[in-house]
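Enquirer: the amino acid sequence is not available; the structure is as follows:
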């Protein structure tokens, strides 16, 4: 029991940083405080210096069904001008590529600026089912490189494209059913 308690204490302290278990060497010289405060997104996590939001811009109806246009909005929290671009890929709920990776033109953002990038398209004509759009955005400046990953989940039913919450998509799709490819 004593060994179990010791291991439990190690894991508990490890989750809090584990510094109580290991002796840390003293720094050779004083370290300057960071010039900016970190953005805390949640307890225990840091928010990226680049934020990407996707918002529905247009539902279009055509002979092949509905399509959905999403507008990417980029917000730079970096302390310098950066160039950003994204890659977008659409897959079905078991990972088959439906729309190969598309790359956006570069967007220039000044420090703290918000800008929009080329719209993303969930195309008409998709078979009924569940789809995941993955957007990887990367930005770089003189001193900084950062990336962010955002996913959008949709269901196509009767040709109509519907946005879904991630939890709903995971529960209703085949993504967690151990489907063999």
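Expert: Everything's here; your move. Quick caveat, the model's predicted, so the values are computed rather than measured. Numbers count the residues shown, from 1 in each chain.
Enquirer: wait, is residue 171 part of a helix?
Expert: Yes. Assessed with DSSP: H, G, I helix; E, B strand; the rest coil, residue 171 lies in a helix.
Enquirer: please report how far it lies from residue 132.
Expert: Taking CB to CB, to the nearest Å as the measure, residue 171 falls 14 Å from residue 132. Placement of C-beta: from N, CA and C, glycine included.
Enquirer: compare those two and say which is more crowded by neighbours.
Expert: Between residue 171 and residue 132, residue 132 has the larger neighbour count (other CB atoms under 10 Å), namely 21 against 11.
Enquirer: for residue 114, what are its contacts?
Expert: 73-76 (CB atoms under 8 Å, 6 or more residues apart in numbering).
Enquirer: that one pairs with what?
Expert: Taking DSSP bridges as the rule, residue 114 bridges to residue 75.
Enquirer: what is the neighbour count of residue 161?
Expert: 20.
Enquirer: angles on the backbone of residue 159, please.
Expert: Main-chain dihedrals, residue 159, degrees, to the nearest 10: phi 80, psi -10.
Enquirer: just give the nearest non-adjacent residue to it, would you?
Expert: Residue nearest to residue 159 in three dimensions, not counting chain neighbours: residue 65, with 2.9 Å by CB to CB, 6 or more residues apart in numbering.
Enquirer: could the contacts of residue 114 go into TSV alongside distance to residue 138, neighbour count and pLDDT?
Expert: Converted to TSV, the contacts of residue 114 look like this (distance: CB to CB, whole Å; neighbours: other CB atoms under 10 Å; pLDDT from 0 to 100):
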residue	distance to residue 138	neighbour count	pLDDT
73	16	13	92
74	11	23	91
75	15	16	90
76	12	25	88
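Enquirer: who's in contact with the nearest residue to residue 127 once chain neighbours are set aside?
Expert: Distance criterion CB to CB, 6+ apart; nearest residue to residue 127, sequence neighbours excluded, is residue 156 at 6.9 Å. Contacts for residue 156 (CB under 8 Å, 6+ apart) come out as 65, 126-131, 162.
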